[in-house]
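**Student:** Provided below for reference: sequence and predicted model.
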Amino acid sequence: MDPAGGCPHAPNARLLAEGAVAPVLLPGEIEGMAVLGHDALRDFLSHPDVAKGAQHFTALSEGRIPDGWPLRTFATVPGMTTADGADHRRLRALVSSAFTARRVEELRPRVEAVTAGLVDGLAAAAGAGGGVADLRRHYALPLPLGVICELLGVDPAHQDRLHRLSSLVVATDTEPAQAVAANRDLVELLASIAADKARAPGDDLTSALIAARDEGGDRLSQPELIGTLLLMIIAGHETTLNLVTNAVRALCAHREQLALVVEGRATWADVVEETLRWDSPVSYFPFRYPTRDLTVDGTLIPRGTPVLAGYSAAGRDTKAHGPDADRFDITRTATVKHLSLGHGPHYCLGAPLARMEAAIALEALFTRFPDLAVPEDELTRHSGFVGNSVRTLPVRPTG
């Protein structure tokens with residue numbers, strides 16, 4: 001795996017041509033596997049002999065994973081993303097009420113209001129920048145980051161630092177010393193935020209989690225509290241940031257698809273689903289581990305091997321999505337559901353919120369700027385092979 005990232009689709013196609021499962025070499029010469037094919041990935045994600053707990057990671061238990069390993073946080077952060085069985089259900093239950101379809105729908109007016117302000121902000125940024133503004137910085141980022149921070153009761157003053165540290169944590173090309181420092185600083189910042197909330201609780205998710213911690217018993221430990229906050233903030237904005245960015249790029253490159261929505265022959269929800277399939281905001285997500293030697297689509301994955309979930313590859317698997325799987329088509333009649341938000345027990349808790357935020361953001365953007373244009377220049381890709389997007393998206397907001 002290239003720690004610097006890059007567009008995953010051509011390499012994915014080459015790997016898929018060879019099979020649904022591929023051996024990969026992770027940073028630090030750590031041997032792993034990637035499950036790329038749609039059917040194989042769907043089955044793997046829900047297999048009873050596949051776990052997420054770090055105790056199943058052979059190289060980690062043998063001491064071969066240093067503190068500065070860029071993917072270490074994915075494997076070791078305490079919380080629902082590294083928990084299995086009853087522990088996973090316990091941790092997920094503590095936050096799930098904030099992301100039900102009803103609760104998300106109640107957030108719609110607030111998301112619409114925030115989006116309206118960001119559209120104005122994008123226009124102002126373009127006016128100050130010679131007609132061009134970075135859509136990621138001024139639009140795609142502040143919406144999901146602002147919403148998740150509001151849900152958690154996090155002061156807006158922390159948002160820029162939280163995003164900067166989050167970006168370093170999820171990048172796979174971060175230098176070891178920088179990775180250690182970023183993880184330490186992020187944990188310290190979240191602990192400080194939690195301490196402030198403990199002194200002055202409010203009607204927010206962080207206060208509810210602190211109450212669960214302070215009730216005693218086994219509902220939530222302090223490390224699990226910090227790990228849950230870390231997961232909520234990173235997953236709560238990085239995925240939607242990439243989703244909105246990728247959807248805007250896709251629509252600007254496929255104006256006939258945009259016309260279908262404008263003419264009422266398709267919906268913004270259709271755009272969101274096709275973008276999730278065609279250009280998944282997460283490319284390869286770490287980690288899952290077979291708890292016994294496991295054969296997946298004819299390939300043996302030894303017990304304790306770190307396995308990447310190849311969402312971007314599965315989204316363009318021709319065996320599942322047809323011979324035109326590499327074509328962006330919002331009218332596509334899906335015979336199978338994409339896996340870009342996961343599958344099985346660890347299906348993305350924030351999926352309803354991400355879908356709503358993205359649909360609202362796209363509708364507001366192209367309603368205000370129907371002729372929005374993305375320069376044809378080559379864009380620098382995301383740092384690493386976990387996230388899948390570009391670092392900046394310069395646009396000309398006209399219309």
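**Tutor:** Everything's here; your move.

**Student:** Could you use CA atoms for every contact and neighbour count after this?
**Tutor:** OK.

**Student:** The residue nearest to the spatial centre of the chain and Gly384: what is the separation?
**Tutor:** The chain has Thr239 as the residue nearest its centroid, 3.0 Å off, counting by C-alpha atoms, centre = their mean. For Thr239, the distance to Gly384 (C-alpha to C-alpha, to the nearest Å) stands at 14 Å.

**Student:** what do you get for Ala313?
**Tutor:** In terms of C-alpha to C-alpha, Ala313 sits 15 Å off from Gly384.

**Student:** Looking at these two, which one has more neighbours?
**Tutor:** Ala313 (31 against 23; other C-alpha atoms under 10 Å).

**Student:** The more buried one contacts Phe285, correct?
**Tutor:** No - the criterion here is C-alpha atoms under 8 Å, and Ala313 misses it with Phe285 at 11.6 Å.

**Student:** Show me the shaky parts of this structure.
**Tutor:** Along the chain, segments meeting pLDDT under 70 span 216-217, 376, 399.

**Student:** Just the strands from it, written as ranges.
**Tutor:** Assigned strands in the chain, in chain order: 21-26, 30-35, 50-51, 133-134, 284-290, 294-296, 299-301, 307-310, 394-395 (criterion: DSSP state E).

**Student:** Kindly reformat these as TSV and extend each row with mean neighbour count and distance to Leu339.
**Tutor:** As requested, the strands of the chain are arranged in TSV below (neighbours: other C-alpha atoms under 10 Å; distance: least, C-alpha to C-alpha, whole Å):
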stretch	mean neighbour count	distance to Leu339
strand 21-26	18	16
strand 30-35	21	12
strand 50-51	21	17
strand 133-134	22	29
strand 284-290	23	12
strand 294-296	15	17
strand 299-301	17	21
strand 307-310	27	9
strand 394-395	20	29
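
**Student:** quick one, which of those is nearest to His163?
**Tutor:** Judged by C-alpha to C-alpha, the one of the strands of the chain that comes nearest to His163 is strand 133-134, at 16.0 Å.

**Student:** so after the closest one, what's the next helix or strand?
**Tutor:** As assigned by DSSP states H and E, the chain's next helix or strand after strand 133-134 is helix 135.

**Student:** wait, isn't Asn246 in contact with Thr392?
**Tutor:** No - with contact defined as C-alpha under 8 Å, Asn246 and Thr392 do not form a contacting pair (11.0 Å).

**Student:** These two - which one has more neighbours?
**Tutor:** More neighbours surround Asn246 than the other of Asn246 and Thr392, with 24 against 16 (other C-alpha under 10 Å).

**Student:** residues contacting the more buried one?
**Tutor:** Contact analysis of Asn246 by C-alpha atoms under 8 Å, 6 or more residues apart in numbering lists 275, 279, 281, 389.

**Student:** Kindly recompute the last result at 10 Å.
**Tutor:** Listed by C-alpha atoms under 10 Å, 6 or more residues apart in numbering, the contact set of Asn246 reads 140, 240, 252, 272, 275-276, 278-281, 388-390, 393.

**Student:** where does Asp39 sit relative to Ala313, distance-wise?
**Tutor:** Taking C-alpha to C-alpha, one finds Asp39 at 12 Å from Ala313.
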